[in-house]
Each structure stands twice: as C-alpha cells, then as structure tokens.
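Participant: Pasted the sequence and its predicted model underneath.
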Amino acid sequence: QDPASCRQQPSPLPGQGCPVPSAPDEVIVYSNGEVGGGGRARYFRWWVKKTCIEKKTAFIDLLCAVPLQQIYGQPSLWTLGWYWWGVFCRWQLNPGLYHYKTVIANQFTVCLWCKGQTIYQQVLSVERPSSLQSWNWGYCGHYAFYHALYPRALLVYELPGQQVVLTRRQVSPVIPHDYKDSSLPVGVFIWEVENGRDEDVEVSIMFSLQNGPGAKAAGSGGHWNEPFTFHKDGQRVAGVLLHHCPPVNPFTLAISAREKAGTGVTHVTAFDPTGLGGEVWQDLLQDGRLDSPPGKSRLTEKGEVTAAAVCASCRVPAHGHKTLEFALAWDMPCVHFGSKEKLHLRRYTRFFGSKGDAAPALSHYALTHYEEWEKKIEAWQNPILENSQLPSWYKSALFNELYFLTDGGTIWMEVPPDCCAEDLQGPAGAGLSHLLPVLREYGRFAYLEGQEYRMYNTYDVHFYASFALIMLWPKLQISLQYDIAVTVVNEDVQPRQYLICGQTAQVKMKNVVPHDTGDPGDEPWQRVNAYLMHNTADWKDLNLKFVLQVYRDYYLTRDSLYLQDMWPVCQAVMESELKFDTDNDGLIENSGFADQTYDAWAVHGASAYCGGLWLAAVCMMCKMAEVLGDTEIQQKYLDILNKGKEAFERMLWNGKYYNYDSSGSDTSSSIMSDQCAGQWFLGACGLDRGDSEVRGGAAWCGCGKMGPVAGGKQQQGTFPIPHWVSFQTKTPSVGLGLWLGLQAGCGPALLQ
C-alpha cells in the first residue's frame, strides 16, 4: 500500500558545518558594476575571522547559505517548523539563530484497534529514515491533502483500506490586536477522527518529540523528562515535560493531550530516538496505549539524546466521529543573545512567570482557549475570504505571507520592571517622554531581515512590512518606532571598516536612521548597525522612510502623544537629509554610488526612487507641522515642496514616465517599480491629491503599460545595455532577486 511512486521526498538540506571555502568570484557585487576584488577579499578575511577564530556565525553568510523552508509558531518566541510532508524541522532555539536539521523522532502516529487487536499502525510521514526503523514509515502522500491559511493549517489523511479519515487542524494564537495570547509559546493540534466503518474502532494518536534538536545540541548532557498533569477549572491536561539544560538559555518543552470523558491519555517518559524504536512501537501496537511509567527519567549522558511520547485514545462509533486534542508548549523565559551581556525576559513571562515552570500551565491554557482563538481568527479573516471580488491568490498571499512575523527570528521581550527612562533613552533621548510607558506596556519587538540576513528590524525593508504591524498590532509598530527613534538621536563613535569600499567610519552617526537594531549573535538594541557592507549614514532613503512611517502611524492610530515625541526626531533626520540637496532646488541628489537600499545599484543625480520618497516625506512634514501647529516649520517645508516638485518634473519626467535618474546614461531611462514607494505612502495616508500630488498613480511606472516592471527594465520590457552586471554571469543584477514587499507596494500605488 506504499508504492515508491507515491512518495514525495524533500530535497536534502545541507549540513550545518562547512569547511572554509575558497572565496568565490560572485560574492560582492559593486554598485558601479566593476569587479571589486578588494571587497571580496575583505569579506573573505572578515568571514574567516568571524567563523574560524571567533567561532561565531556571520550576520550575512555568503559562503554557506541555507535555503528557506516553512514554519510553525507565533511571534513572541522561538519557533519549530513543520513540513507539509510530515516532519518537524528548523528549530529557532536561541533568538534569531536557526538549526535546520530535521528531527525525525518528532512525529504523529496513528493506531487503529478493533475487535481486540491492532488492525493498522502508521507514522504519518512520507519519510523513510535510517533511525527508528522498527516504526512503520513511508505513508503514501497520495492519500493526504494539505491546506494552509496562516495562522492555521489543515491536513487530511485517508488511511488506505481502513475507512477512517483523520483531519489534523493546527492553530497558533496569532490574533490581531491581542498582546497577550499572541505572545504565548504554544501551538495546538486538533485531530478530527471520522469512522466510516460499520463497527466501532479504537483510535489512538501518538505525539512523539525529541528533547532538543539533536546530539550536537545535547552537549554535555544533563537533560531529562518527566510526566505531568495539570487540572484547573474542571479541565485536565496530561503529558510529558522535556527539560533541556544547556549552559545558556535552558528551556522546557511540553507535549500534552486533553483528558475528557471517553478520552484517555498515556505516555512514555523517555526513549532513544537514535535507535530502532522497537520498545515504544510495540508498546503502542499491543493495545493502542502507552505504559505510562511514573517518575522522572534519568539524566542524559554527554552527547546522548532522549525523546518522549504522549498518546490520546478514544472509541469512535460506527459512522461517527470524535476529537483528540494535543498541545505543544515551550518555556524559555530568560534568554541571552550571543554576547551574553544582558538577561532578557520574554513577553509571555508577564502572564505566566519567569521561573521556567510555566509549560504545564501554558499547555492547559492552550487546550482550553484554542476554540476562542479560532473564533477570533475567523472574525478577522472571513470578511476577506468571503469577498467574491477578491481573487484567491490575493487572499492566500494576504494571510499566508504573514508567516514571517513568527519565522523571522522574531523576539518579543519585556522591559525589566526596574528599568528607568535613562536606561533606554541613552545620552540624547530625553525628549522621548513616552518611550518608557510604551515599552513597559507592550515590550520590545524585533524580527530579522531574513534568516540568511541576520539583522533585527532592518529599517529599509521594514518600511514595506510595517503595514502588517500597524494594521494588526499597532502598538508593536509604535514600540518599534520608539526603539528606532532612540538610535536616531544617539551615536556610536566606535570606528570600523566597511567591507565593500574599505572605508573606516564610525558605527552610527547621530541624527540618522540606523540600518538595523543589531545582530542576535551580539546584543541587539544596545549595539545597532550590524550591517557593515556599506556605511549607511549616507543612504538617501532610510531617514525618509522613518518620516513616512511616523505620519502613516499617526494617520491610522491618531496617537497624538506618539506624534509629539517623534516630531523632533523627524526634524533632525530631515535636517540631515537636506545636505543631499546640493544645488538647493528642493530635491535631494544621489551621489553616484549605491547610496540607498538597493546596495548594488549606482544612482546619479536626481532619482525617481529617492526623489519620490523625499517629496513624500516633505509633504508629510508639512502635514505633521500643521497638526502640531508649528507654522514656521510648515512654511519651510512647503517652500521646499514647491521647489522640489518643479525640479522633479523637470529633471525626471520624459513625457511618459519618470526616469530612473537624471544622469543621462544608458541606464537613466530604466523603470524602477519602487519609484512608486513615496506615492504609495501618500495614498495610504490620503495625501496623494492636491498640493502634494506630483503625477498620480500609474504615471510613476509608465501609466501601467509596461506590464510587470522590475527595477531596471525599459519600456519595451528589455534590459538597457550596458547595465549593472554581476561579477561572473554578466547578467543584469535585477535578475538576481525579487522583493515581494516593494511589488506589494507598487500594486496599490497603481490602483490609488
């Protein structure tokens, strides 16, 4: 019943360790398109020092990249991934640091018992691993169906020849405008069992889980498991706690099931997941139950791995159905980042304590509240899902792409209760009067630019993702903005060498927006600007994106206290930006190198992308000044806006669309989709008409007649030659990647 043709094997993941590779030709792409051997050499030397001498991972590892996969989790904590073909994977144990090895023992197994004997027992995974060979692997994927609508997913299993259908529904508490349950480190698996037989059948589901991600993480040993029960408000949960005790960031996992009338819960406290697995398999096979030994397991030895299992069982009547409910919880209340300098408390400790004993209570809470979560999720999603005018791809993208809020190395931390304003503000942040109250109430939130670009709250790209926060968790966006504002008004004078150009400059200049708020391998928030490829102090777009977000946030929340705090910061970054208007025509100029977020593309003179952002930011400065009654500043920026609009039209409008830049080069007439970004934000704030308008909507990208436009394509859809090229392939650099965020922004801008 398991032909090889039914199997859907995943591609193998690369190993975690890698030898020191040679410096490849295609590591650094210079902004002017020239081969920059110096940049490659500097990166390679830095990489060797970081990985081989300091024994740390690189914040951007261009030499040992790992492909992205799928996820399971929520935005407050570390996550545990689950592949749709039936394996758990990709642990984020320590904040922002991922372990990609598949843990094969983490499985669901079904057992059917009828007329006093087991008639079917199967691991619900298509895998055929080398370990646990006593288990019945290789479920035929032909009989399963997977459907995802984040933060829920549905997986239907038809059990071949058994007339039994299992539907597994998994739920994470990712709930808009909820700042408690959305922070909880839990997930729930609800199994609906349908019996199509003419006789009753006993159905057991076993949930097995390994204590940690593998032998390497097992370290010096000392890990152990123990059974638990938790009874509250007439509801009882039973399971196993798996205590993982490394020297840094210890944690406890909990697997559990809900006991209720007609449902029994049994367990195996410990078994060897690297062996054949015969003991636990035969235990389940014998009667659809596990032996449930009492007491704790022994401590593991050095390098030894242990696992546990929980089984929920019920009798399903002929042509009837029953439900079995499982929870996965993890409790790592206190964490250190890579530098180990400060101890941080996770957000959920506000509600469940920080002693490391919260896993039973978390499990009980999840199993008794998931129905409420699902109602809230449906109330949020149904107006979109039931709108027949919206295409299905849009509905899927709108919700499923939110996965990165959990799988982005996300952290949500509490501010220490004894923390004072001076601890957060730094030497120059006294004007942020509501910083401390906001962070105390809602915590500090951060997520990575990418798992392979390990920098928290990378601001140039958060610009696009920020709509998810401000619309779904606005207080987290406000909190994040306060963290950025603190870094703006402070500086880090420590000198360092930047890898692309070799320039030595200070880490962070005052009154400019940082590239990011730090690396989880170091100490985020305390040391910012982990990005050391370019010196971003001269980037033209970061400051502008801060101003645009400040007004957008105010427009959607009407938080006047926030606007008052951010107003001096906005003035400071705009003053820093004014120095880039070298000819005093009201429009900033680019400097002929990669001086904006597209850090492989050179821009000369006035540009549609940076110029458009500039005019939008100037417009919003006028609007904020009007709201706050600052007539002097309002008039200042009105004058700049009027001059800048005229210069923008004169220098960039070619009669059909706005040119990439004003250099007159062969690439100047290219179309860049992100040149719509400023107009997009204006439209989102109701400011895309009247005095603020340059040319509305589609005129930014050629009246929409170009079809899909990538940064760099000409009107005919061809690439201008010469163009930006990579070192080796000589292909246009625009073909090297796709930014979904800017495409999602370009579309609305064309529709506004």
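Facilitator: Perfect, I can see it now. Bear in mind the structure is a predicted one, so any value in this text is a computation, not a measurement. Numbering: from 1, shown residues only.
Participant: Just the endpoints, please. Distance across stretch 155-168?
Facilitator: End-to-end distance for stretch 155-168: 5 Å, by Cα to Cα, to the nearest Å.
Participant: and the nearest residue to Ala144 once chain neighbours are set aside, how many neighbours?
Facilitator: Nearest non-adjacent residue to Ala144, counting by Cβ to Cβ, 6 or more residues apart in numbering: Tyr157, 5.2 Å away. C-beta: built from backbone N, CA, C; applies to glycine. Residues lying near Tyr157 (other Cβ atoms under 10 Å) number 20.
Participant: Pull the contacting residues for Tyr157.
Facilitator: Counting by Cβ atoms under 8 Å, 6 or more residues apart in numbering, Tyr157 makes contact with Val110, Leu124, Tyr139, Tyr143, Ala144, Val165, Leu166, Thr167, Arg168.
Participant: Please narrow those residues to those residing in helices.
Facilitator: Among these, no member is found in helices (DSSP state H).
Participant: Could you turn the buried ones of those residues into a PyMOL selection?
Facilitator: Buried subset of these, written as a PyMOL selection, criterion 16 or more other Cβ atoms under 10 Å:
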select buried, resi 110+124+139+144+165+166+167+168
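Participant: now the contacts of Tyr157 as CSV including pLDDT and distance to Ala65?
Facilitator: As requested, the contacts of Tyr157 are arranged in CSV below (pLDDT from 0 to 100; distance: Cβ to Cβ, whole Å):
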residue, pLDDT, distance to Ala65
Val110, 99, 37
Leu124, 96, 31
Tyr139, 95, 31
Tyr143, 96, 35
Ala144, 95, 31
Val165, 98, 40
Leu166, 98, 37
Thr167, 98, 37
Arg168, 96, 32
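Participant: Identify the farthest-apart pair in the contacts of Tyr157.
Facilitator: Using Cβ to Cβ, the two most remote members of the contacts of Tyr157 are Tyr139 and Thr167, lying 15.0 Å apart.
Participant: on that earlier part again, and which of the contacts of Tyr157 is nearest Asn195?
Facilitator: Nearest to Asn195, judged by Cβ to Cβ, of the contacts of Tyr157 is Val165 at 8.6 Å.
Participant: ok, that closest one - contacts?
Facilitator: By Cβ under 8 Å, 6+ apart, the contact set of Val165 is Val156, Tyr157, Glu158, Leu159, Val193, Glu194, Gly196.
Participant: measure the fifth one to Glu341 for me?
Facilitator: Meaning Val193. Distance of Val193 to Glu341, given as Cβ to Cβ, to the nearest Å: 50 Å.
Participant: more crowded one of these two?
Facilitator: Val193 (20 against 11).
Participant: ok so that one is a strand residue?
Facilitator: Yes - counting by DSSP: H, G, I helix; E, B strand; the rest coil, Val193 is part of a strand.
Participant: please renumber so the chain begins at 445
Facilitator: Yep, numbering from 445; the last one is Val637 now.
Participant: Would you quantify the distance from it to Val600?
Facilitator: For Val637, the distance to Val600 (Cβ to Cβ) stands at 12 Å.
Participant: who touches both of the two?
Facilitator: Common contacts of Val637 and Val600 (Cβ under 8 Å, 6+ apart): Val609, Leu610.
Participant: Other residues contacting stretch 1032-1043?
Facilitator: With contact meaning Cβ under 8 Å, 6+ apart, stretch 1032-1043 is reached by 475-476, 904-905, 944, 977-978, 982-986, 1021-1022, 1024-1027, 1044-1051, 1053-1055, 1058, 1105, 1118, 1155.
Participant: what distance separates it from the centre of its chain?
Facilitator: 27 Å (Cα atoms, centre = their mean, to the nearest Å).
Participant: Now that stretch: buried residues?
Facilitator: Here stretch 1032-1043 shows Ile1032, Glu1033, Asn1034, Ser1035, Phe1037, Ala1038, Asp1039, Gln1040, Thr1041, Tyr1042, Asp1043 as buried, counting by 16+ other Cβ under 10 Å.
Participant: With respect to Lys839, which of these is nearest?
Facilitator: Using Cβ to Cβ, Thr1041 comes nearest to Lys839 of the buried residues of stretch 1032-1043, at 29.0 Å.
Participant: in which helix or strand would I find the closest one?
Facilitator: Using DSSP states H and E, Thr1041 falls within no helix or strand.
Participant: now it: how far from Phe695?
Facilitator: 36 Å.
Participant: what's the answer for Tyr587, then?
Facilitator: With distances taken as Cβ to Cβ, Tyr587 is found 36 Å from Phe695.
Participant: tally of neighbours for Met915?
Facilitator: Burial measure for Met915: 12 neighbouring residues, criterion other Cβ under 10 Å.
Participant: In contact with it, which residues?
Facilitator: Contacts of Met915 (Cβ under 8 Å, 6+ apart): Pro620, Leu1000.
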